[in-house]
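**Q** coords please:
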Amino acid sequence: MKKCLLLWLAFATSISFAEFNLQEKLEKARAGDADALNSIGEFYADGDSGKNVPNFELAVQFWDKATKAGSARAYTNLGMSFYSGKGVPRNIPTAVQFWTEGAKRGDAISQYMLGNAYCNGIAVLPDMPTAAFWWSKAAEQGHARAQNNLAFAYAKGIGVAKKDSKKAFELWKKSGEQGHGTAQVYMALCYYTGDGVQRDTNRAVAIWFNAAEIENNTEAIYYLGVAHASGVGVAKDIKKAYRYFSVASARGHKQASEEVEKMRINFGQEALVDKPKSTKNK
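**A** The predicted structure follows:
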């Protein structure tokens, strides 16, 4: 399994600062309210939605108090702090320890981050079954990134009991419906190949087109090239295929670059691009 997706380093903000009443939260915090303590920490880390300079040192102080008061999300935020070195000296093993505590207490983001740590061998020995276990816990709570990672595990049969294409599709679908770009691309690939779901090439191309046009997703652009080159799910058009491959190639997509070279060899450059229209003087 290729390296797991990069760890999400944004702090796990759980509140809308547009409706945030600091004084009210402080009063609750003084009474030992764990959620209020965590929320105040997020408020300072966020800088009041960019209105002020973030104060990570103060945020960490509130998150530390929040963990002692029982906030699972505060463990997650402290893990983020130690991983990024914001508000505290960077310490990856300590970050993983905090995510472990947050995960045990049921926080979906900690569960996702801990799964990534075990997948990538970050401060722990690589352990795909443990990674899949924690992703599954987060996925059950609707965490889109965890659903996407777990889908790859089932698609490849790594870290899970057995390869399960249907389960992989279902997870990509759930993640994709929440707007996760990679999940949308691979959900469409399942439709395109009929792997784990009834084949529907037209639907696959429509999903890729949406991801390419609206989200500017490079992988979706590549697969649109595949579809136009083969004529499956859309009318065959080598010029469109070449354009899609060229765009993806320019963004560093290795397979797209290989397709560009193949098409140049097989068809010739002139056959792949529209000739400029000649202009005549009236």
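**Q** residue 159 is in contact with residue 129, isn't it?
**A** Yes. At 4.9 Å, residue 159 and residue 129 qualify as touching, with contact defined as C-beta atoms under 8 Å. Where you see a C-beta, it was placed from the backbone N, CA and C, and this is true even at glycine.
**Q** who has more neighbours, the two?
**A** More crowded of residue 159 and residue 129, by other C-beta atoms under 10 Å: residue 159, with 23 against 12.
**Q** where's the more buried one, which helix or strand?
**A** Of the helices and strands defined by DSSP states H and E, none includes residue 159.
**Q** which non-adjacent residue is nearest it?
**A** residue 128 (3.2 Å; C-beta to C-beta, 6 or more residues apart in numbering).
**Q** the one you found and residue 86: what is the separation?
**A** Distance, residue 128 to residue 86, by C-beta to C-beta, to the nearest Å: 29 Å.
**Q** repeat for residue 97
**A** 17 Å.
**Q** one step back: what residues are up against the residue nearest to residue 159?
**A** 1, 118-119, 153, 158-159 (C-beta atoms under 8 Å, 6 or more residues apart in numbering).
**Q** what score does it have for pLDDT?
**A** The model reports residue 128 with a pLDDT of 99.
**Q** now swap in the one 4 residues further on and tell me
**A** The confidence metric pLDDT takes the value 99 at residue 132.
**Q** again with the one 3 residues further on
**A** For residue 135, the model assigns a pLDDT of 99.
**Q** just the buried positions in the helix or strand containing it, please.
**A** Element membership of residue 135 [criterion: DSSP H and E] is helix 128-140. Of the residues in helix 128-140, 128, 130-139 count as buried by neighbour count, 16 or more other C-beta atoms under 10 Å.
**Q** next secondary structure after that helix?
**A** Helices and strands here follow DSSP H and E; after helix 128-140, the next one along the chain is helix 144-156.
**Q** pLDDT of that following helix, averaged?
**A** 98.
**Q** can you check stretch 161-179 too?
**A** Stretch 161-179 shows a mean pLDDT of 98.
**Q** ok, and what's touching that stretch?
**A** With C-beta under 8 Å, 6+ apart, stretch 161-179 has contacts from 139, 142, 144-145, 147-148, 150-152, 154-157, 183-184, 186-187, 190, 195-197, 207.
**Q** can you tell me which of these are buried?
**A** Judged by 16+ other C-beta under 10 Å, buried ones among the contacts of stretch 161-179: 139, 144-145, 147-148, 150-152, 154-155, 183-184, 186-187, 190, 196-197, 207.
**Q** buried sites along the biggest helix by length in the chain?
**A** In the chain, taking DSSP state H as the definition, the longest helix is helix 34-50. By neighbour count with 16+ other C-beta under 10 Å, helix 34-50 contains the buried residues 34-46.
**Q** filter the contacts of residue 128 down to the buried ones and hand me the PyMOL line.
**A** In PyMOL, this line selects whichever of those come out buried by 16+ other C-beta under 10 Å:
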select buried, resi 118+119+153+159
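**Q** from the contacts of residue 128, pick the one nearest residue 242.
**A** residue 1 (31.6 Å; C-beta to C-beta).
**Q** closest one of the buried residues of helix 128-140 to residue 213?
**A** The nearest one, if we look at those relative to residue 213 and count by C-beta to C-beta, is residue 139, at 28.2 Å.
**Q** and the gap between the closest one and residue 129?
**A** 15 Å.
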